[in-house]
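K.L.:
Take a look and give me a structure for this.
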Amino acid sequence: MNAFHLKLIAAAAMLLDHIAYFFPNTSICFHWIGRISAPIFIFCAGNSVHYTHSKKLYLLRLYLASVFMSLFQVLSQVELNFFRTLFTITLLISILELYHKNKLICLKYVTLYLLYQFIVCYICGYLIQNSNADTESICFFLLPAVTGSLYSVVSETQ
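P.N.:
Alright, predicted model coming up:
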């Protein structure tokens, strides 16, 4: 079994989970089966970022998928954007891989990332608190995805 087969299994499990999400009165077993998709996708993303030829292009593809899905979220009001979580995880893996090459550079990037996240999460939270019904979904879905913020990532994976 290779990564492609794992991704097929995860996609099938995710499909069952989405069926249970979108169609009421569906068996709870669909959700149970669907819960295996996230760990499999996280494993595959972590493995892929380690073995890819271009980490920048891989991260860019995950970022663009995250932004595209956030546009879908704004239009549909559906909180399903796992690409943001995958982007965040792979970005952190890429930063932490620098530890083996140069500990000081890794510490610098971790510090910059945490400072950036603090500022962007504060701004996103402020904008959401002061938004109206028309701009709330843009501030909650689109803005965090475009900025690569951790704001509301946890609520999307539950």
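K.L.:
Residues touching stretch 132-150, excluding its own?
P.N.:
Contacts with stretch 132-150, where a contact means CB atoms under 8 Å, 6 or more residues apart in numbering, come from 63, 66-67, 69-71, 73-74, 77, 79, 81, 84, 87-88, 91, 117, 120-121, 124, 127-128, 131, 151-153. In this view, the C-beta of every residue, glycine as well, is placed from N, C-alpha and C.
K.L.:
I'd like the distance between Leu75 and Ser137.
P.N.:
From Leu75 over to Ser137 the distance is 9 Å, taken as CB to CB, to the nearest Å.
K.L.:
Which one of the two is surrounded by more residues?
P.N.:
Ser137 (18 against 10; other CB atoms under 10 Å).
K.L.:
what's the span of stretch 129-143, first residue to last?
P.N.:
End-to-end span of stretch 129-143 (CA to CA, to the nearest Å): 14 Å.
K.L.:
Now it: buried residues?
P.N.:
If you call a residue buried by 16 or more other CB atoms under 10 Å, then stretch 129-143 has these buried ones: Glu136, Ser137, Ile138, Cys139, Phe140, Phe141, Leu142, Leu143.
K.L.:
buried stuff in whichever strand or helix holds the last one?
P.N.:
Assessed by DSSP states H and E, Leu143 sits inside helix 143-147. Of the residues in helix 143-147, those scored as buried under the neighbour-count criterion (16+ other CB under 10 Å) are Leu143, Pro144, Ala145, Thr147.
K.L.:
List just the nearest of the residues you listed to His5.
P.N.:
Ala145 (29.3 Å; CB to CB).
K.L.:
nearest spatial neighbour of Met66, skipping sequence neighbours?
P.N.:
Wrong residue type there; residue 66 is Ser, not Met. Phe83 (4.1 Å; CB to CB, 6 or more residues apart in numbering).
K.L.:
List the contacts of the one you found.
P.N.:
Contacts of Phe83 (CB under 8 Å, 6+ apart): Leu62, Ala65, Ser66, Met69.
K.L.:
If we use 10 Å, what do you get?
P.N.:
Listed by CB atoms under 10 Å, 6 or more residues apart in numbering, the contact set of Phe83 reads 41, 45, 61-70, 145, 156.
K.L.:
check which helix or strand covers the nearest residue in space to Lys7 that is not next to it in sequence.
P.N.:
The shortest distance from Lys7 to any non-neighbouring residue, by CB to CB, 6+ apart, is to Cys44 (5.7 Å). Taking DSSP H and E as the definition, one finds Cys44 inside helix 37-51.
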